[in-house]
Every structure is written in C-alpha cells, then in structure tokens.
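Engineer: Just need the structure, nothing else, for what follows:
(chains A, B and C)
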Amino acid sequence: MSGKTTLKKGTFIERVIASTPGGERLVHCIQCGTCGGSCPSGADMDHTPRAIINMIRAGEREQVLSSNMLWACVSCYFCTSRCPQEIPITDIIYTCKRFSIAEKAYKETDAVALAQTFTGYVDKYGRSFEFGLATGYHLLNRPLKMMAMGPMGMAMFSRGRMALTPSKIKNIGQLQAIIKKARQIGAQQHAGR
Amino acid sequence: MKYSYYPGCSLECNAAAYDVSVKAVADLLGIKLVELEDWNCCGATEYFSQDELTACSVIARNLALVEPELNQLVAPCAACYLNLKKVDHLMGKFPQLGSQVNEALAAGGLSYRPGRVTVRHMLDVIVDDLGETAVRDKVSRPLAGLRFAPYYGCQVVRPLDNGDSPEYPTKMDRLLSWLGAEVVDYPVKAHCCGGHMTQISEPQAFELIRRLLQSAAEYEADMIVCMCPMCQLNLDGYQARVNKHFNTNFRLPIMYFTQILGLAFGIEPKKLGFGKELVAAMPVVKAKLNGAMASSG
Amino acid sequence: MAEKVGIYVCHCGSNIAGTVDCEEVARWAGQNIRDVAVARDYKFMCSSLGQQLIEDDIKKEGLTRVVVAACSPHLHEKTFRRACQNAGLNPYLCHMTNVREHVSWVNNDKKAGTEKVKSLVSAAAERVKHQQPLEPFFVKVNPATLVIGGGIAGLQATLELADAGYPVYLVEREPSIGGHMAQFDKTFPTLDCSACILTPKMSEVGQHENVTMFTYSELEEVSGSVGSFKVKIRKRARYVDYDKCTGCGICVEKCPRKVVDDDFEAGLGYRKAIYTPFPQAVPRVPVIDTANCTYFQSGKCKVCSKVCPTDAVRYDQQDEIVELEVGNIVLATGWKLFDCKRLPNYGFGRLANVYTNLEFERLCNAAGPTNGKIVLRDGKTEPQRVAIIHCVGSRDSRYNSFCSAVCCMAAMKFGHLVLEKTNAEVYSFYIDMRPNQKDYEEFYQRLLEEGMHFVRGRVAEVTDAARRPEEQGKLIVQYEDTLLGEQKRLPVDMVILMGAMEPQADAKEMGLKCGISCSMAGWFTERHPKLDPVATMTDGVFVAGVCQGPKDIPAAVAQGAAAAARISGMITNGKVMIEPIVASIDEESCSGCRVCNNMCPYNAIEFDETKNVSRVITAMCKGCGTCVAACPCDAISGAHFKNEQIYAEIEGILWDAQPAAAATEGGR
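Structural biologist: This next block holds a predicted model:
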C-alpha cells in the first residue's frame, strides 16, 4: 500500500526526508527496534537509532542533532539491511550528521574534526593523506593520544605503510571545479528551501 | 578478461600489500587490470557526513573517467567499492540527484550516465567471473593445515546486493576452501571492525575489534582473512593496543584474501606483501604448512 | 426512431462528488450528448429513492436507455438493472460507467476529474444506444460440491453440506485429512487439545455417507460454470489398494526404511517409507514414499507386500484421473510456513536450538517425537530459558507486509506450555501485542500472571558469539528493549521463531484453474472484503479459511460454514441465472474451419459434422470473446460486446477530439 503522505513543508521530518534519497520510507517505521538491537555501537549511544527516528517524527530537532548517536554510527548498514520497513536508516543518520554540522549542534565529538581534516586533504590533493590525518588531526584534537599512537605509528612507518608526503592527482583543477560547482548547487538548493 | 582498476588511497601506501597481491594474483589468473587514469579519493564516509552532493560528485568523477570500452570497475577496498557503487545506484534511482551531479561534473567537462559502469569487488570478480575450476587449476601449494576465518566486514555485503548474503556471506569461504584450507564458520564474519572509530573513540572501536578477534580465536582460526584495508588496519594495527586495553593475548595475523590466494598459487610471499602486517603471518604459515614453505624461506 | 437516453450521475456521498463536479457533468450531458432525454445527478443513486428516479423517468419520460455513472458495476450493476426491469425496460439496456474507482478515488484534480467523467458518460451514452435487449437463462444446480483442502475450514464446509443431505467430494493433497490443526498440541485461548476436537470431525467426514474423499490427490482441471462444473482429480498412486487395505499398520511397522519426516513432523521426527502421517490419520490407508522406498530405489525388499495380510500392496499402481460433475467449488487450500532460513540473522538451520513454530508444535505435542517433552535438539536437556520471537517474515515489507494474525496468541500458548511443563523462564519479543478476539486479551492477562516476560522489541539477531562468560555455550538474543530504549543481550537455551503464514506456493495456479485471482500478498480474493467474504468473482467458486487471508481456527471454521451455507441456498433454489453475455455463430457465414473449436478456453464450442458448422454451447460460454476475435470469417459475435457497441463507445469517449486526423487521411 502506498498511500499519499502529506508532510508539512519545512518541518524537521520533511527536511530530513527531502534531504535523504529514499527517505520517504521513514514514515513507515513501526518502532520495532531491529535497528536499535542491531547497532554495534548501541551501548555507546544516548539514543538508539529507533529512538532517533521517533524523535525525528516528534520534531525533536535539537535533541536529534545534538545526539552522540550520530557520531557513534560506524556505517555498518546492519540497521538498513535488517529494517523490515526498508528504511535507509544509515543514510538518514548521514543526513542528520550534515544538519548537525551545518547548525553546529554537535557536542563533544572529534568525528567532525576528523571528517573536515579528511575532506580538506581530498579538496587539496584529490587523495587522502593518512600521515597527515594521523598527525594533523591528532595534534589538533588529541595531542596526548599521539603519544599512545607512537609505537604503532613507528611500526607502520618501518613497514613502509605510512607516507610522509601526500600524493596528488594530476588534474586537481578539474576536481576542484567539480567540488566548487557541487557546493554552489547545494547552497542554492538550501537557500531555495 | 579486462577490467578498469580503482586502487583507492589506502592501497597506495598503508595497504600496499593488498595492491601488490591483487596485481600478482590477477596477473596469474589472466585478469588484466587497467588502472583508472588520474582517479581521486572516494571520500570514504567523511564526505557523506558533510555534503551529499559534493560527496556524490567527487565519487562520480571516477565513474565518469572510466573508459567506454571498460565498463567494469574493480575496487578492492570495501569503502571505495560501496561509495562508487552507491553513487551509480543513487544517480539511477533518484534522477534529480543524478542531474545535479552531472551539473557539477560538467564544471570539469565530464558527465556520467548511471548504469554505464558496473562496480565490482575483486572477490566477486575472482569467484563469480572466474570460478572454482580456474582457481583450483592454479593452486600449486595447497594450504591444507591452515585454518582461516574469512572476514567480510560490512560494506561489500551491505546495503547493496553483491550476490551474497548480507548476514552470512559465503563467497570467501568457498574461495578459501578451493585452496585446500580449512574455513571456520564463525558467527561474526560480517560484523563491523569499527571503521574510522579507531580515530575518534578508541574504547568503542576496541570493543568491536575485540569481538571479532575473540570469535575467530574461539573457533581456533590461525588467521583472519579480510578484503578491506580499513578492516586490516583496525584488526592488525590496533591488535596490540586492544590486547593491552582488555588484558587479552590475541595473536592473529590479518591478511588480505589476495595474499592468501597468491600463497596457494606458489607466489613468493615477499612479492605478495607478506611482512607488512604488524602481527606476523609467516611463523604460523611455516608451522602449519611444514615442508611446503621450505623453499620460499 | 431515436432512442431516449437517461443519464444519472451519482455523488456517492462525497466519494465521487468530492473530486468530480457531478452537477456540471449532468448539466453538460443534458446539453451536449445526442438523444439525452433526462440528465440528473443525485446524492446516492443506489438508494431506493435514487432507483425510484430511474423507474419514474422510464415510465413518465419513456426512456429507452439508461446510463448510470457511479461505482463499479461489480457492486451495483444488478441494482440498476433491476430498477429498469421494474419499470418495464429490458435490464440489458442499462449501462454503468465506473467513475468512482476509475476517476474520483484515483485523482485529486477536480477539474480534470470532471472532464474525464464527461468523456466516460459520453462513451456510455453512445454505447448504450447500440445495446440490445437480452434474456438471461437459467441452469440447474448440480447438488454435489467439490471441496479442495481437508484442513479445518474444508472439513467444516464438507460436514455442513453433507449433513444437509448433499453429496460432497473432498480433495486433499496429503495422505490424510486434518491439515495443520492435526499437528498442533493445544489450541488457544481455551487450551483444549487440538486432536481431541479435530479427530471426531475427521472420522465423521471419513465415514459420512454423503462424502467421497480423495486423499493424496490434487485438482487437475476445471471446466464449465456455476451449477455444472466438470472437474478432473488426479489420484496419485499410493501403491496400496484402497479397498483391500484394512489399515492394520503391519506394513508400516515392518518397513525397514526410516526417513526424516519433513511434512507432518516438521523435520523433528521420523516416518517409514510406507506410512500414514499420524496415528489418527483418515483414511488409515498408507502411501509409499517412492523416493525413499528401498524397493522403488533398488528393486529389492518388498517387505510391506510380504507382511500385508490382505495382499493390498500394489507396486505397479498408476496415478488415476477421476472426472466429476459438481455445482459448486470450495477452495480451502490453507497456507504454508515462511522459510525461516530467509532471515539468517535468527540462525535457523545453523544454530541447533532455534526452532520454528511448527517444529515447536510437534515438540510439545504428546503424540510428537519427544512425547511432548520440551527438550533441546540433543533430545534430553530441558531448557532453562526460552525466547519466542514474533513476526518472523510477517510485518516485514521485504517478505510479507501482512500480520499473520495468530502468532501473538500462539506465542502465548507456547509460553504457557513451557511454563507448565518445565522450570524455564519464557521471554516473548513482540512488536505489538494483538490478542484481539473473544477471550484473547484475558489469555494475555493470564500469561502475565503466569510470569511470562514480554519485551517490546523485534530481535536483531540470535548468535552464538559470546561476549561475556555467562553467554558461553548459550544462544544470545540481541535486541533493543524499545520501552526502555536500551540495547540488551539475553542468553537463552532455546529460541522459537513465529514464522509467518504464507499463501501456498501454487495458490496462483490453483486460482487460475478455478477462475479466481489472488491479492498482492497471494491470498485468494473474495468478492467483497466486508459484505461477501467467502464468495469470489467467479460464481460457484467459494473460498474458506487461511487461503483467503491469515486467520485463526474459529474464523476458518466460520468461513467453512459460511461457504457451505451459501452453497446450500443455491442447491435448495435449484437453479442459477446465467448472464446472456455469450457468443453466437452465424451459420451462414461459418466456413467450418474449426479454428474457434480449439481456441475456446472453456470447451464451449462444438462442431456439427452434418452441417459443417461450429456451434456455441451457451451454458458453458463465458463470453470471453476469444472466438470472436479469432474467427477468420467474422461469423461469431459476442452479445453485449458487438463491434458497433465498442466503436460507438470509442467515438463517445473521443467526443472532443479534433476531426483533423480523419480529414487528412482523406476521410474515412
């Protein structure tokens, strides 16, 4: 049965659905908890994925976007693959992460800094840079952890598993033009909403 | 058999063992891999957390670069594999997103028609396209005596269909059994290694890693055989720290399935990147294979 | 003389008027369609006042044709035809056009909807002018009935009809009647013994003078129509002479070949290669499972034949086709269990102590493989803790979207039996508790009192991957307690999966044989979901029990009885009306090529050798039109679907089309 659903434009749930490919399945949630039971990070979350879905329905925007659940997600897709209502839960979590970053609603997580450092390298070189990530991100965010990482980093380095310089793609200009255009379309779309 | 090849950033350095073993095995099996010219990073999960359209566009650049006569793109890294396949899937299923991505690609003089490229994982190419006989024919050093725990991780078997079960996949089980090895049917073979969580929240990541090591150890596996650089890094690179954290004593080498395949094909272990792993594999290989390894020192 | 057409546009409350301007349609029709004498709109045309409007107009205005734009003809064609007949107009001069299901219910644009209804009304008006008066005819109802399926619904239908004095042929695929109910131990909510209430009905059917049973048999073919169906039944070879066998069971006892019984014992127990499924089987005549019989596989053994005191074993027996004539057919073909291996995260087939609901029915059945002892797969260990998982394959859009309706109650029944027979704790993992029939909620309360644990949360996975010492060697159920919002793990010894009820694998095929369709989910479609739940769109074919949709025993029994009541009424009446919408062959034009003879799906065309022409057997013709289209000489016409009627309808629907196309073709 696919009845027509009318969601008020601009409400939190409507924004989440509109920003997630296939997100309209969200309204079919029967709160069974398969996602919450499946999540490998379930024990570390303040709210389970099921609860997050229900909070989206209840319009609890601030609570959802500040939940540590978003950043505990490891993208294993068990929730999505097991959901009896075929809701793309992992992708809905990605959408919430984007909203959370855009609204700076996240709390006490290094995930955002990691993501930004990572994509910063991609924007600059067209490739990721593990050494840069390991040093740059950790130096900025957790200098103490760098110490603990030491022996492992040395072991990796001695086995030739860590490069000191990033590699760069040839046509970086082309990639940057694509990224610039994509951001521009995204910004227009956001303004249009 | 000719495929376009997308190694991905990890295989350039951290997972160089994967890259050399993929190439060595492909060569022996008559699979021609043509590296995608000037490919860029797939963005892992990090781009999708920030900007979906940019994430898709960055990934789609790679799809657009695939030469028309080579419509099969092989990615050995699970994250790259899923990202490439997912963008092709999303562009096809959601035309509005598809046209926006193409608008962005146009800024770089490129375009991509969804469905033009089929994204494949290296495991699928070997098991589905070549099959049992072709693999068995090349086995010159049967691995009888070694017990492997095949580890699939997440992103190849979920959420998009690769012809295997998303819960209990069996493709690698079959492949390893063709090599004469014993395969343990342990329950967590498609569970998560923690992904990037080792960088963000170690206690959380270490617990996930421990579950995998513990289950494989309980089933008395000699080593875990994986198919993703992230899984390898987490299980191998962090194994010592996990042991310290939980006061455990796991010593499980974590090897790429192509390294094991190459071993059975009689390729010299050094040429397969053996030795790059932090938990050394050769001692157990030598102990279990007895005379068969004598020649390769 | 021009016809005088009456047009009636129904509002159907707001069902049609909500998205169609009915007033405007009537006004437009009165002004724009030729030969329209009266055009009205009305709130409810099917009401007696609405019907009266038509009758009065026929009498006062002298209408010769009537068009009603309303709901589906399935619902009210008879109503409006009767109104015309009451006023002296031949009922086949009335035409209904469906503007509810085809327009208002599937559209939100009132303007576009109104325009579409105008076109449909125009089409109907042009068509109806070409319709001709027809007279229905009547056929006698054969008092015999065919019941397919010997489960509780089919048994009920069989007994009701047989007790009313009418002959019944009962066809059952398995070697014995009884169906799934014969496998059960107790029935909810009363907990009376399933066998104790079922077997009396089984033996009554077996001994009834009006019942002829065909077990181990299947429906092969159906032809004819209501009142006079011809059916073919395939009696599969049992390799035992039905008449000579006394059912003593010596052959079964002596048979040296023991095989796993995947049918009646759901894989938990064994049967012999020659067997009756269970001790109270009806009939007692065994069958030989040739795939497992030593004689059939290797040519040696013949023990059963040697020990049979009446010389009843027949290794050379063949399948037999029996032809029967019946007036009505009841489909009571039941259901099959969802394949629980399709949800690998629950471990069925991989983890020994994960059971399906049917397996557990056998496990706790006193006549089952463990004599009713609830023990693990090792045959001896009593579980300390049991988890029951609801909705396995039900309420799951990837497999079956529907609720299987019985699992909540069956799970509680299992819980009660475990609590009664063992010292184990029982946990039910549910999404929503649905104990919604008489005395069911009370049963839920009883289980709460008995200490069964109810956890709201669909289980994520059942695993043997222990994380903590107390999980070692156990099955671990991982889930979210959704009422607490916490992920949890529970070590248990036994897991029972409440697998969904699914349509039989061959339901669609069976429906096709009998001319009825299946819903999206695969259940047989009833004539009306509320008001006609056991009849179907094919007259004379009825459905009863789970084959129409998931239901419990009381509901299945009620449907079996309802179908029997409907059929009894028809038999008492003695005759049924047949629509005169049939094909006829113009003997002058027929070339005798016989193309139509083989085309007819209903075998309704015979060939007259002396005149060298084909002829339609009106009673068997369904008016499908296949022969009309196939005839190379245009010698066949279908009443009520004549070419000029169809062309007029097309022209009517294209009332606003520009004639330009025709003009450029140089005029027609």
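Engineer: quick one: C:G625 and C:F641 touch, right?
Structural biologist: Yes - between C:G625 and C:F641 there is a contact at 6.0 Å, judged by C-beta atoms under 8 Å. From N, CA and C alone the C-beta is placed, and that goes for glycine too.
Engineer: so who does the closest residue to chain B within the stretch 151-300 of chain C touch?
Structural biologist: At 20.2 Å from chain B, C:G267 is the closest residue in the stretch 151-300 of chain C, using C-beta to the nearest C-beta. C:G267 is in contact with C:V260, C:D261, C:E359, counting by C-beta atoms under 8 Å, 6 or more residues apart in numbering or on different chains.
Engineer: What is the least confident helix or strand in the chain?
Structural biologist: No chain was given, so I picked chain A. helix A:138-141 (a mean of 64; mean pLDDT, DSSP states H and E).
Engineer: That was the other one, I meant chain B.
Structural biologist: helix B:197-200 (a mean of 89).
Engineer: any chance of the contacts of C:G267 in TSV, plus distance to B:M223 and pLDDT?
Structural biologist: Shown next, in TSV, are these (distance: C-beta to C-beta, whole Å; pLDDT from 0 to 100):
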residue	distance to B:M223	pLDDT
C:V260	38	95
C:D261	43	94
C:E359	38	97
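Engineer: What are the boundaries of the helices in the stretch 1-150 of chain B?
Structural biologist: Using DSSP state H, counting those that start in this stretch, the helices of the stretch 1-150 of chain B run over residues B:16-29, B:52-65, B:78-93, B:95-106, B:122-124, B:132-138.
Engineer: I meant the stretch 401-550 of chain C, not that one.
Structural biologist: Using DSSP H, counting those that start in this stretch, helices in the stretch 401-550 of chain C cover C:407-421, C:440-450, C:507-514.
Engineer: Of the ones you listed, flag the one that's most buried.
Structural biologist: Of all the helices of the stretch 401-550 of chain C, helix C:407-421 carries the top mean neighbour count, a mean of 22, counting by mean count of other C-beta atoms under 10 Å in any protein chain shown.
Engineer: Domain ranges for chain A, per the record?
Structural biologist: Split into domains by automatic domain parsing, chain A comes to A:12-102, A:111-192.
Engineer: I misspoke; the intended subject was chain B.
Structural biologist: If you go by automatic domain parsing, chain B breaks into B:2-122, B:131-296.
Engineer: so for the shortest one, what's the average pLDDT?
Structural biologist: Over the span of domain B:2-122, the pLDDT mean works out to 96.
Engineer: starting at the chain centroid, how far to it?
Structural biologist: In terms of C-alpha atoms, centre = their mean, to the nearest Å, the centre of domain B:2-122 is found 14 Å from the chain centre.
Engineer: likewise the last one?
Structural biologist: Taking C-alpha atoms, centre = their mean, one finds the center of domain B:131-296 at 10 Å from the center of the full chain.
Engineer: and residue 50, what helix or strand is that in?
Structural biologist: All of this refers to chain A. In this assignment (DSSP states H and E), A:R50 forms part of helix A:49-57.
Engineer: wrong chain, I was asking about chain C
Structural biologist: When secondary structure is defined by DSSP H and E, C:G50 falls within helix C:48-61.
Engineer: about what we covered before: quick one: common contacting residues for C:G625 and C:F641?
Structural biologist: By C-beta under 8 Å, 6+ apart, no residue touches both C:G625 and C:F641.
Engineer: Can you tell me which residue sits nearest the middle of the chain?
Structural biologist: The chain I'm using is chain A. Centrality entry for chain A: nearest residue to the mean C-alpha point is A:Y94, 4.3 Å, by C-alpha atoms, centre = their mean.
Engineer: that's the other chain; I wanted chain C
Structural biologist: The C-alpha lying nearest the average C-alpha coordinate of chain C belongs to C:F524 (C-alpha atoms, centre = their mean; 2.6 Å).
Engineer: what bridges to that residue?
Structural biologist: Per DSSP bridges, the residues bridged to C:F524 are C:C518.
Engineer: where does it sit relative to C:Y602, distance-wise?
Structural biologist: Look at C:F524 and C:Y602: by C-beta to C-beta, to the nearest Å, they are 21 Å apart.
Engineer: go on, C:F429?
Structural biologist: Distance of C:F429 to C:Y602, given as C-beta to C-beta: 52 Å.
Engineer: just A:T90 next, same as before
Structural biologist: Distance from A:T90 to C:Y602, by C-beta to C-beta: 54 Å.
Engineer: now B:G237
Structural biologist: 74 Å.
Engineer: quick revisit: save the helices of the stretch 401-550 of chain C as a markdown table, and put in distance to B:I267 too.
Structural biologist: Shown next, in a markdown table, are the helices of the stretch 401-550 of chain C (distance: least, C-beta to C-beta, whole Å):
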| stretch | distance to B:I267 |
| --- | --- |
| helix C:407-421 | 55 |
| helix C:440-450 | 63 |
| helix C:507-514 | 54 |
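Engineer: okay, the longest helix seen in chain C in PDB with CA atoms only?
Structural biologist: As assigned by DSSP state H, the longest helix anywhere in chain C is helix C:553-573. Provided in PDB are the C-alpha atoms of helix C:553-573 (Å, rounded to 0.1, in the frame of the first residue of the first chain):
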ATOM      1  CA  ILE C 553      -9.300 -21.700  13.900                       C
ATOM      2  CA  PRO C 554     -12.600 -20.100  14.900                       C
ATOM      3  CA  ALA C 555     -12.500 -17.800  11.900                       C
ATOM      4  CA  ALA C 556     -11.600 -20.600   9.500                       C
ATOM      5  CA  VAL C 557     -14.400 -22.700  10.800                       C
ATOM      6  CA  ALA C 558     -16.800 -19.800  10.400                       C
ATOM      7  CA  GLN C 559     -15.800 -19.300   6.800                       C
ATOM      8  CA  GLY C 560     -16.100 -23.000   6.000                       C
ATOM      9  CA  ALA C 561     -19.700 -23.000   7.400                       C
ATOM     10  CA  ALA C 562     -20.500 -19.700   5.600                       C
ATOM     11  CA  ALA C 563     -19.400 -21.100   2.300                       C
ATOM     12  CA  ALA C 564     -21.500 -24.200   2.900                       C
ATOM     13  CA  ALA C 565     -24.500 -22.100   3.800                       C
ATOM     14  CA  ARG C 566     -24.200 -20.100   0.600                       C
ATOM     15  CA  ILE C 567     -24.000 -23.300  -1.500                       C
ATOM     16  CA  SER C 568     -26.900 -24.900   0.400                       C
ATOM     17  CA  GLY C 569     -29.000 -22.000  -0.600                       C
ATOM     18  CA  MET C 570     -28.200 -22.300  -4.200                       C
ATOM     19  CA  ILE C 571     -28.800 -26.100  -4.200                       C
ATOM     20  CA  THR C 572     -32.200 -25.500  -2.500                       C
ATOM     21  CA  ASN C 573     -33.100 -22.900  -5.000                       C
END
